[in-house]
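Asks: need a structure here:
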Amino acid sequence: FPPSLQVFPSQDPLDRADFNAVEYINTLFPTEQSLANIDEVVNKIRLKIRRLDDNIRTVVRGQTNVGQDGRQALEEAQKAIQQLFGKIKDIKDKAEKSEQMVKEITRDIKQLDHAKRHLTTSITTLNHLHMLAGGVDSLEAMTRRRQYGEVANLLQGVVNVLEHFNKYMGIPQIRQLSERVKAAQNELGQQILADFEEAFPSQGTKRPGGPSNVLRDACLVANVLDPRIKQEIIKKFIKQHLSEYLVLFQENQDVAWLDKIDRRYAWIKRQLVDYEEKYGRMFPQEWCMTERIAVEFCHVTRTELAKIMRTRAKEIEVKLLLFAIQRTTNFEGLLAKRFSGCTLADGTVKKPEVPPPSTNPFLEDETGTETDEIVIEKSDTDKPKKPKVPDNPFHGIVSKCFEPHLYVYIESQDKNLGELIDRFVADFKAQGPPKPNVDEGGAVLPSCADLFVYYKKCMVQCSQLSTGEPMIALTTIFQKYLREYAWKILSGNLPKTTSSSGGLTITSLLKEKEGSEVAKFTLEELCLICSILSTAEYCLATTQQLEEKLKEKVDASLVERINLTGEMDTFSIVISNSIQLLVQDLDAACDPALTAMSKMQWQNVEHVGDQSPYVTSVILHIKQNVPIIRDNLASTRKYFTQFCIKFANSFIPKFINHLFKCKPISMVGAEQLLLDTHSLKMVLLDLPSIGSQVVRKAPASYTKIVVKGMTRAEMILKVVMAPHEPPVVFVDNYIKLLADCSTDTFQKILDMKGLKRSEQSSMLDLFRQRLPAPPSGVENAGSLSLSAPTPEQESSRIRKLEKLIKKRL
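Replies: Below you'll find the model as predicted:
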């Protein structure tokens, strides 16, 4: 738009920049009849012209005096600016004069302030100097008279005053006073140490009469002196106080062995009571002498116990070791209740770190009974429990010495677990497999709960003894017997598919031979397989929780060495083998019916009736096995779904392979087979809930497999039913229905139709010509085949699977 229209918008066509007079006139007079109003239109235009002229005239007249008024306004603004500038300059001059006047007034006041401050500093320094000189003289006199009570207060004051003269050390008199103070401090330190040595000599017994007020005041002085004086007093007193302990519990004494470890702790308890009565008031409370004596006793005891256990390592038994550890940890707990642990800040014993919050369902209250069963329930995971935070700063201060000998405990647990596994095996053989109980679902073997309860007891006990390498050793033992339980109790008791004395391994159960007779499992055997599967699933979940719990118990630096993935894989193999057994049993039960189907004379069928007898036989076997398996796997629904999927993947390709063996087939025979295929399809779709009062919708993954596989079987029969004349239509119909570019499959279709070899040859040539072009990167059309695997391919896959399982075992 032009600028005029942007400022004054208008809808009038006369204001447009691209105004066209001819178009405007045509708009006013679109037809010849409209010319009758030409006079009226002309009058309106003339009126509009007059109005525009009037508006233009008015605007021109209004702009006549604008220039003169603007110049006058500009001159007035310039005059106002000049006046304002003059006023600002006057204000600035007055401000400078005022500032100069204030400086002259305050100059004398500043001088007086400086004089006052210097005079105050001088008086204060002289007072400090007087106090320092007098204090040094008094300090030296009191030191000679051993007036430690007065010295303690005076020395602190002198040291504080001397700090004010640090910047005046260049003055000889001040430096001389500072040296006298240091000399007095050194003399006091040596004198106090001599007094304590006299009162508590290193050799012989303590001086009769007990502590004196002089020594109590001397401790107050030691607080002000060099910290080394205080440490030396504490060290000598504790050493003298524990000298009797080293004599009584020498390595060659009978009371020094682990079976009499209680006497050590009873001795220190008596000594601490004796100290409180005799010397409790002599030392300042902030020295924490009682705790220091106890801590030094712990260090000495740990060293002595480690030495004697190294010497008599062969005499250490599990019960004796656990007895000593229990008494020691009880003593450490008693120390935690009595003392705060403030003297442990030197790093000899570190306080345990607070573990992070955990949502581990394996976690239970460790203060309760240790034989409680570990129950895996959903409610446990919904309500995570915080781990118990160890709050004992003395934990391990003595019991650390037992860690090198915990291998005795680990070996004992190894032996006990081995005996436990052997007992499980013997009990299973004696009691036999669990009784069928379809009402409650597949029962978990009670032995697995006993195993994990024992694991928990060992884990809690070992974590109280050590959270270091012994926990790693115990984890290795756990791994060993988890694997043994999986193979001896679970895999070892899975039913075999034959009663021959040759003996079959679990992997041999995966072998499939065409036409072989395989005995069907009994009801008890099916329940046993489901029970083992449920037990393996329980063990798998509980092993994962056990791993998490072990990682919480062990030191942070050793967490990466806790790994039970191999054991969890072992239980997964047991689950897979159990499912494979169930699938193979049902699959083998259906084989005779499929064989009967392939041997029927389908070219002689004259009319279509109800479903064939072989279909009834397959449905009967399914209705016999599946409800039992479903009810016994009620607690592990996902594995029942896996069973259904694996059975469908096994049965449907086998059914299609037997379809190809039905040759030749008449039109009526193909219709009967199509009816039978549809019946089997409906039964397979209903397989997860067959025979159940509660009808559930089958999982989508399972339904997809059944629909895809059985639809292919139906398409094969529809192609067989189609006429083979004309050949082009037949071939195109085959490619459209089956989407299978394999010549082998097409050859089987022709055999089912009963065509002669000469006819088949021309059909195969036509089929190869009509095949769609393969996509890029594919060398031959045969690789596009979507057909079901042949028996040879199935056998090859089974052999590969068998090798894989053998490798993992």
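
Asks: Just checking, which helix or strand of the protein averages the lowest pLDDT?
Replies: helix 378-382 (a mean of 36; mean pLDDT, DSSP states H and E).

Asks: what's the average pLDDT for whichever helix or strand comes after it?
Replies: Tracing the chain C-terminally past helix 378-382 and defining elements by DSSP states H and E, one meets helix 407-431 next. What helix 407-431 shows for mean pLDDT is 88.

Asks: Next: stretch 638-658.
Replies: Stretch 638-658 comes out at a mean pLDDT of 92.

Asks: Pull it out as CSV, backbone CA atoms only.
Replies: Extracted in CSV, the C-alpha atoms of stretch 638-658 (Å, rounded to 0.1, in the frame of the first residue of the first chain):
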residue,chain,number,x,y,z
LYS,A,638,3.8,-65.9,32.6
TYR,A,639,5.4,-69.3,32.4
PHE,A,640,2.1,-70.9,31.5
THR,A,641,1.8,-68.4,28.7
GLN,A,642,5.3,-69.4,27.5
PHE,A,643,4.2,-73.0,27.6
CYS,A,644,1.2,-72.2,25.3
ILE,A,645,3.4,-70.2,22.9
LYS,A,646,6.1,-72.9,22.7
PHE,A,647,3.4,-75.6,22.1
ALA,A,648,1.8,-73.6,19.3
ASN,A,649,5.2,-73.0,17.7
SER,A,650,5.9,-76.7,17.9
PHE,A,651,2.5,-78.1,16.9
ILE,A,652,1.5,-75.9,14.0
PRO,A,653,4.6,-76.4,11.8
LYS,A,654,4.3,-80.2,12.5
PHE,A,655,0.6,-80.1,11.5
ILE,A,656,1.5,-78.3,8.3
ASN,A,657,4.2,-80.9,7.5
HIS,A,658,1.7,-83.7,8.0
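
Asks: buried ones in that stretch?
Replies: 639-648, 650-658 (16 or more other CB atoms under 10 Å). Where you see a C-beta, it was placed from the backbone N, CA and C, and this is true even at glycine.

Asks: Contacts for it next, please.
Replies: With contact meaning CB atoms under 8 Å, 6 or more residues apart in numbering, stretch 638-658 is reached by 533, 537, 575, 579-580, 582-584, 586-587, 590-591, 594-595, 597-598, 629-630, 633, 680, 684, 687-688, 698-699, 701-702, 705-706, 709-710, 712-713, 716, 788-791, 794.

Asks: neighbours around residue 596, how many?
Replies: By the measure other CB atoms under 10 Å, the count of residues near residue 596 is 14.

Asks: looking at it, it is touching residue 615, isn't it?
Replies: No: Residue 596 is not in contact with residue 615 according to CB atoms under 8 Å; the separation is 10.3 Å.

Asks: From residue 760, how far out is the nearest residue to residue 333 once chain neighbours are set aside?
Replies: Excluding its sequence neighbours, the residue lying closest to residue 333 (CB to CB, 6 or more residues apart in numbering) is residue 392, at 6.2 Å. Going from residue 392 to residue 760 by CB to CB, to the nearest Å gives 88 Å.

Asks: With residue 182 instead?
Replies: 120 Å.

Asks: Please state the backbone phi and psi of residue 696?
Replies: Backbone torsions of residue 696, given as degrees, to the nearest 10, read phi -110, psi 150.
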